[in-house]
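**Student:** Curious how this folds, go ahead:
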Amino acid sequence: MDATTGTSAHTEITLKDVVDLVHGWYPPGTADSWDRVGLVHGDLAQPVRRILLAVDPTPSVAQEAAEWGADLLIVHHPLFLKGVHGFTTETPKGRTLHTLARAGCALLAAHTNADQAVGGVSESLALALGLEDLRPIVPAERPPLDKLTVLVPVEDADRVRAALADAGAGRLGDYEAASFTVEGHGRFRPMRGASPAIGTVGEHERVDEARIEVVLPASRRADVVRAMLAVHPYEEPAYDVVQVADPGISMTGTGRTGVVAGGVTTLADLAARVAEVLPPTAHGVRVAGDPDREVRRVAVCGGAGDFLLDTVLQGDADVYLTSDLRHHPASEFLEHGGPALVDVAHWAAEWTWLPALEARLRAALVTDRGATVEARVSTRCTDPWTFRTGGDVPHPDARRDH
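**Tutor:** Got it, this is the predicted structure:
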């Protein structure tokens with residue numbers, strides 16, 4: 001409570017606060033080189049009280065954001081993937097941005113950087129289906145890491161740790177300035193020609209020392225070592241740098257595989273579960289495989305995932321669920337005796353990320369910071385297909401050729 005007014009005090013959240021939060025979860029640097037993610041429009045200092053979430057930045061979604069009074073629209077698909085020299089209301093993209101700008105609503109996109117991340121698109125799809133024991137189909141390659149170990153007098157340890165952190169060492173995920181220290185005794189004897197910071201030439205010396213260990217990106221090795229040497233009191237510091245082996249257990253990466261809750265189901269029951277969990281679309285849920293096939297492990301990829309067919313074929317999944325599968329790649333995949341296929345609408349698969357992001361924003365902004373921020377998922381279906389006719393599912397015997 002505010003002591004002067006008797007009302008509850010709330011933290012005001014700025015656009016910069018939200019951008020930093022989202023970029024911390026889905027770092028823009030992990031996006032594909034062709035992608036265009038991040039803040040598209042907005043004043044970083046403006047307050048944010050309402051956040052709308054959507055897959056596509058369409059004119060209708062922009063209008064919904066404006067009518068609701070949203071201060072920020074977060075989308076999965078970028079508004080601009082190619083350079084433009086202007087944006088007017090003569091184009092759909094121009095109308096989208098014009099509507100948002102006129103309403104004072106910022107626009108932020110998280111695309112391929114959100115696809116691979118923990119808590120991202122493919123993981124949200126897998127969790128929505130109730131899959132457990134998740135792991136990436138293709139684990140993300142982590143930047144090479146080093147570990148630096150240095151011995152320093154105890155009284156100088158804080159100064160050395162600070163210099164290491166300022167140079168980029170000790171960053172682990174969402175943490176910085178991480179280090180390990182153990183104290184012991186250093187022994188040495190300065191020889192003729194030495195200029196010891198501690199001790200006397202020709203005499204044995206015993207010093208209370210700290211052994212400091214930090215990890216660092218291999219690309220920062222020279223900068224970190226130089227920073228350490230610049231503040232270390234010894235004329236000849238004792239240190240070593242070793243390369244850290246990648247254990248290959250990254251939780252980030254392309255797609256996800258997981259096991260069915262309860263251990264086993266059938267392809268028909270899994271397809272029914274998919275139809276129940278995903279928002280309805282004219283596309284529906286298309287399935288290739290024996291309805292009675294036992295299913296234990298499921299591979300999923302939000303968005304267009306036929307680029308992973310060869311990888312999935314070499315894995316242990318019983319089903320691969322994704323979107324935008326083309327005729328020939330899917331047919332050849334089945335001819336090789338691979339997993340069953342489930343093809344869903346691109347928009348529907350990626351939509352599953354929005355409720356997960358909404359909950360994450362609420363937890364971070366409302367629960368943790370006590371801010372008066374509302375977040376909600378757009379009510380607009382932006383899947384491009386509006387209806388279908390016919391298309392009765394053929395009898396399974398019709399696909400005996402596979």
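**Student:** Can you pull the poorly scored residue ranges out of the stretch 201-350 of the chain?
**Tutor:** Low-confidence segments of the stretch 201-350 of the chain (pLDDT under 70): 246-250.
**Student:** all helices of it, in order?
**Tutor:** Secondary structure of the stretch 201-350 of the chain (DSSP state H, counting those that start in this stretch): helices at 221-231, 267-277, 309-313, 327-335, 346-351.
**Student:** Average the pLDDT values over the helix or strand hosting L125 and round to the nearest integer.
**Tutor:** Per DSSP states H and E, L125 falls inside helix 121-128. Averaged over helix 121-128, pLDDT sits at 96.
**Student:** Using the record's assignment, carve this structure into domains.
**Tutor:** 15-110+352-377, 121-140+252-344, 145-244 (automatic domain parsing).
**Student:** what angle do the longest strand belonging to the chain and helix 221-231 make?
**Tutor:** Secondary structure assigned by DSSP state E gives strand 205-217 as the longest strand of the chain. Here the directions of strand 205-217 and helix 221-231 differ by 150 degrees (axes from the mean of the first three to the mean of the last three C-alpha atoms, to 10 degrees).
**Student:** Which strands and helices lie in contact with strand 205-217?
**Tutor:** Judged by 3 or more C-beta pairs under 8 Å, 6 or more residues apart in numbering; DSSP states H and E, strand 205-217 is in contact with strand 145-153, helix 157-166, strand 180-188. Any C-beta I mention is one placed from the backbone N, CA and C, and that applies to glycine too.
**Student:** what's the closest of the ones you listed to R49?
**Tutor:** Across the helices and strands packed on strand 205-217, R49 has its closest neighbour in helix 157-166 (35.1 Å, C-beta to C-beta).
**Student:** Go through the closest one and flag the buried ones.
**Tutor:** With burial defined by 16 or more other C-beta atoms under 10 Å, the residues of helix 157-166 counted as buried are A157, V160, R161, A163, L164, A165.
**Student:** so which of these comes closest to A62?
**Tutor:** Among those, and counting by C-beta to C-beta, the member closest to A62 is A165, at 42.5 Å.
**Student:** right, and the closest one touches A177 too?
**Tutor:** Yes: contact criterion C-beta atoms under 8 Å: A165 and A177 qualify, at 4.0 Å.
**Student:** circling back to that earlier point, can you list the domains of the chain in TSV and add distance to D383?
**Tutor:** Shown next, in TSV, are these (distance: least, C-beta to C-beta, whole Å):
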stretch	distance to D383
domain 15-110+352-377	9
domain 121-140+252-344	5
domain 145-244	34
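**Student:** Quick one, which of those gets closest to F387.
**Tutor:** domain 121-140+252-344 (5.2 Å).
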